[in-house]
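S.K.: What follows is a protein structure lacking sequence information:
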C-alpha cells in the first residue's frame, strides 16, 4: 500500500475565530500548511485526512441543542511553543486553552434515563470528587463533573497545565463511553484534532504529552466521529509503530547496560541493578501495550464487518510469553464474535490447562462456544460446574462475585433457550434481589417478561423501580466494592429495560 502524502491542515491553535466573520456558512480550511500543528520536518508526522475547522464539527448535528455556540475565544500565539527550564526540569508552556471552551462539551439530558432514576434521592451530590464518582461507577455524573472542571472559571485550569487537562478530557470521554453516550464522545473528541501532530510533543525530548490511554481511546472515537472506520485501524497502526520504536530503544538500552555491568562488576554499588529493573518494567509495559493494540485492530475490523480481514489478522497474533493466557482468552472471544467456534475452542484447548492461568476462564470460553453451537444442555453443565466449583471458595470473594453473577445470568439464558422459562425467570430475579443490576441481566430479564405476558411493560417498569430502590439504599458508593452492584452507580438508560 502506497502512503499518501500528508495533506496540509489547520488546527485549533493556528486558526482565527471562524465565527467572527459575517459569513454564516461553515468555515473552510485554507490550503496553506500550518506552521504550528503541522511542521513539514518531523519524524512523528503521519499521513491523515484533513480535519474540519475547530468548532465546526459539532454544527452538523441534527439537534439544535448540540450545535456549537458562538465564541470570541481565540488562542494566543505568543506562548504556544515556549519552553522554560527551572531547576533542570523542563516545563512546557504550550497553550491548550482550545480544550477548555464550554461549547465543546454537550449537556447530558435525562430523556434516556428511566423515570425511577430521575428522583432527587437517586442523584449524586455535585460536591462528590471525580475519583469517587469513577470508582463507584457513577459515570454519567463523572462525565458532567469532568466537563465542569474543564470549563470552570473559579478555580480555572491553566491552559499550560497539560497533565490536568488531558486527565480530565480522558475522564470525560471514557465516562461518556461507559454511560451509553458514545455518540457524544465521538463528537467531543474532534476537538483534539491530530494527536500525531508535533504540537502534542515535548520539544525538549520529543515525548508525547498526551497520556497513552487517551490516545488509544481517541483513535476509536475519532474514527466514529469522522465516520471513517479505516481511520481507526490506521490510528492503531500508528500507535503500534511508536510502541515498536520505544521497545527497540529500551532493548538497546538493556543490552548496553548488560555490557556495562559486565565491564564494571567490581565497582557495582547497586544503582545499576535498580536501573535494569526500571528498564525491564518499561519493556514489559510497552510489550503489553503492543499486544493490546493487536487485539484492538482485530476488534476494529470486526466492527467494520471485515470478517475475512479480521480472521487473517487474528491468525497472525502471537501470544505474549509473559502472559500467554490473556491473549488466548481475548482471541477466543473475538473468534466467537466472528462466528468461528472451533477456532475459539482451539485458543484454550490446544494450549492445555497448564498455560491458562485461570481454569475458570477456559471453561467460560467452552461454555460460550457450546451456546454458539446451540448445545445448551452442554452449556448448562459447564455453567453449573463453574458456579458450584466456586461456591465454597472464599478467596477473592469480592472480586469473583461479579463473575459468578455473570455465570448465573448465562445459565438463565440457557434455560430460556431450552424452554425452561420459569427457571430462567426465577434465577435472574434472584440476582436482582442480591443487588446485581448489570446491563445484560436487566435486558435478558426484560426479554423474559416480554415472552411471558402481554403486560410486560408494567413488569419492566417495576423492574426499573426495584433496581432504582437498590441503588438508593446503597448510598453514593464511595468504594470499589459497590461497582456494578446496587450501591455502586452504573446509571441506567431506557434500553437497559427495553422501555
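M.R.: Arrived safely. What you see is a predicted model, and the numbers here were worked out from it, not measured in a lab.
S.K.: pLDDT weak spots in the stretch 301-450 of the chain?
M.R.: 319-324, 350-358, 390-399 (pLDDT under 70).
S.K.: Which stretches in it count as helices?
M.R.: Taking DSSP state H, counting those that start in this stretch as the test, the helices found in the stretch 301-450 of the chain are 307-316, 324-338, 341-349, 359-372, 376-389, 397-417, 421-433, 439-452.
S.K.: mind putting the ones you listed in TSV, distance to residue 255 and mean neighbour count included?
M.R.: C-betas here are computed from N, CA, C, even on glycine. Formatted as TSV, the helices of the stretch 301-450 of the chain follow (distance: least, Cβ to Cβ, whole Å; neighbours: other Cβ atoms under 10 Å):
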stretch	distance to residue 255	mean neighbour count
helix 307-316	27	15
helix 324-338	25	20
helix 341-349	33	19
helix 359-372	35	20
helix 376-389	45	17
helix 397-417	39	18
helix 421-433	54	16
helix 439-452	48	18
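S.K.: My understanding was that residue 496 contacts residue 444; is that so?
M.R.: No - with contact defined as Cβ atoms under 8 Å, residue 496 does not reach residue 444; the gap is 10.7 Å.
S.K.: In the chain, which helix is the longest?
M.R.: Longest helix in the chain, counting residues (DSSP state H): helix 229-263.
S.K.: what angle sits between that helix and helix 307-316?
M.R.: Between helix 229-263 and helix 307-316, the angle comes out at 10 degrees (axes from the mean of the first three to the mean of the last three Cα atoms, to 10 degrees).
S.K.: Run through the neighbouring helices and strands of helix 229-263.
M.R.: helix 212-225, helix 271-303 (3 or more Cβ pairs under 8 Å, 6 or more residues apart in numbering; DSSP states H and E).
S.K.: before we move on, back to that, need the residues touching each of residue 496 and residue 444.
M.R.: The contact sets of residue 496 and residue 444 do not overlap (Cβ atoms under 8 Å, 6 or more residues apart in numbering).
S.K.: returning to that earlier point: average pLDDT for the longest helix of the chain, rounded please.
M.R.: For helix 229-263, mean pLDDT is 86.
S.K.: Give me the angle between it and helix 212-225.
M.R.: 160 degrees.
S.K.: Tell me the buried residues in helix 229-263?
M.R.: 229, 231-236, 238-240, 242-243, 246-247, 250, 253-254 (16 or more other Cβ atoms under 10 Å).
S.K.: how much space is there between residue 202 and residue 249?
M.R.: 16 Å (Cβ to Cβ, to the nearest Å).
S.K.: mind listing the strands for the stretch 51-200 of the chain?
M.R.: Assigned by DSSP state E, counting those that start in this stretch, the strands in the stretch 51-200 of the chain fall at 83-86, 89-92.
S.K.: contacting residues for the nearest residue to residue 382 once chain neighbours are set aside?
M.R.: Of all residues not flanking residue 382 in the chain, residue 367 sits nearest, at 3.9 Å (Cβ to Cβ, 6 or more residues apart in numbering). For residue 367, the contacting residues are 379, 382, 383, 386, 410, by Cβ under 8 Å, 6+ apart.
S.K.: With respect to residue 348, which of those residues is nearest?
M.R.: Among the contacts of residue 367, residue 382 lies closest to residue 348 (Cβ to Cβ), at 12.3 Å.
S.K.: The closest one: what's it in contact with?
M.R.: So residue 382 contacts 363, 366, 367, 370 (Cβ under 8 Å, 6+ apart).
S.K.: Now do the second one against residue 381, distance only.
M.R.: As judged by Cβ to Cβ, residue 366 and residue 381 stand 10 Å apart.
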